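Colleague: Sequence plus the predicted model coming up.
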Amino acid sequence: MTEKKNLSSALAKRDKKEKYIIYFIGAAVLLFVLVGLKEISQLNPYLSAPAWFGFLGAIFTLWRFCKKQTENPFAYIFKTLRDDYVFDRYITLQLFNIFYAAGQGLAIGAAFGFFVDWVHALISNSYMKGVYFSSFIISLISVIILRVTIEVYSIIYKAAIEFRDYMKAKK
């Protein structure tokens with residue numbers, strides 16, 4: 001406990017430039033460790049970096065999503081599925097939120113995995129450099145495409161609900 005306190009107080013005494021240098025060195029060491037693990041696991045296709053980082057990213061973003069909510073979103077969904085027989089409560093928007101959180105984590109985690117593969121291909125002078133880099137970019141762009149698609153669907157969904165309410169009030 002005192003070692004952790006000493007380390008954090010030693011880091012707090014550093015100025016901003018030194019902190020950035022320390023973080024950069026730490027990130028570089030982490031990246032080289034991941035590239036070394038990629039080199040070791042070259043023969044095992046089930047140890048694919050994009051797949052594992054995507055899975056871990058999806059789990060992490062779902063955890064963050066649930067942590068930020070005041071009520072567990074899954075509890076609301078299951079309660080609605082269990083008790084709503086007349087379809088007067090809707091779970092579509094809540095499902096969109098959960099789907100976006102999982103998709104965002106999956107895409108960003110896969111992008112990080114493709115980045116690790118790209119760095120490994122640069123170091124080992126592999127012919128797959130372009131494929132990994134373009135997969136990295138596509139994974140990042142897919143977050144934006146997913147967000148825009150879900151926003152368009154939610155706007156259409158909300159407009160349909162408002163139109164339905166308007167038609168009910170008009171009768």
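Modeller: Structure's in. What do you need? In this text, all values refer to a predicted model and were calculated from it rather than measured experimentally. Numbers count the residues shown, from 1 in each chain.

Colleague: Would you list the phi and psi of N72?
Modeller: phi -60, psi 120 (degrees, to the nearest 10).

Colleague: what does the model give it for pLDDT?
Modeller: In the prediction, the pLDDT value recorded for N72 is 78.

Colleague: That one against C66, yeah?
Modeller: Yes: between N72 and C66 there is a contact at 6.2 Å, judged by Cβ atoms under 8 Å. Placement of C-beta: from N, CA and C, glycine included.

Colleague: Please say which of these two ends up with more neighbours.
Modeller: Neighbours per residue (other Cβ atoms under 10 Å) separate N72 from C66, with C66 holding more: 15 against 12.

Colleague: tell me which element that one falls in.
Modeller: Assigned by DSSP states H and E, C66 belongs to helix 49-68.

Colleague: Equivalent analysis for K168, please.
Modeller: Using DSSP H and E, K168 falls within helix 129-170.

Colleague: That helix - contacts with which helices or strands?
Modeller: The helices and strands touching helix 129-170, judged by 3 or more Cβ pairs under 8 Å, 6 or more residues apart in numbering; DSSP states H and E, are helix 92-124.

Colleague: got the buried residues for the helix it packs on?
Modeller: Neighbour counts over helix 92-124 (16 or more other Cβ atoms under 10 Å) mark 96, 98, 100-121 as buried.

Colleague: list the contacts for the residue nearest the centre of the chain?
Modeller: Centrality entry for the chain: nearest residue to the mean C-alpha point is G105, 1.3 Å, by Cα atoms, centre = their mean. G105 makes contacts with G54, G57, A58, I59, F60, T61, L62, as judged by Cβ atoms under 8 Å, 6 or more residues apart in numbering.

Colleague: Buried members of these into PyMOL, please.
Modeller: Of these, the buried ones can be selected in PyMOL as follows, counting by 16+ other Cβ under 10 Å:
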select buried, resi 54+57+58+61+62
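
Colleague: Save the contacts of G105 as TSV, and put in pLDDT and distance to F163 too.
Modeller: Shown next, in TSV, are those (pLDDT from 0 to 100; distance: Cβ to Cβ, whole Å):
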residue	pLDDT	distance to F163
G54	88	38
G57	90	37
A58	91	34
I59	91	38
F60	91	38
T61	92	33
L62	89	32
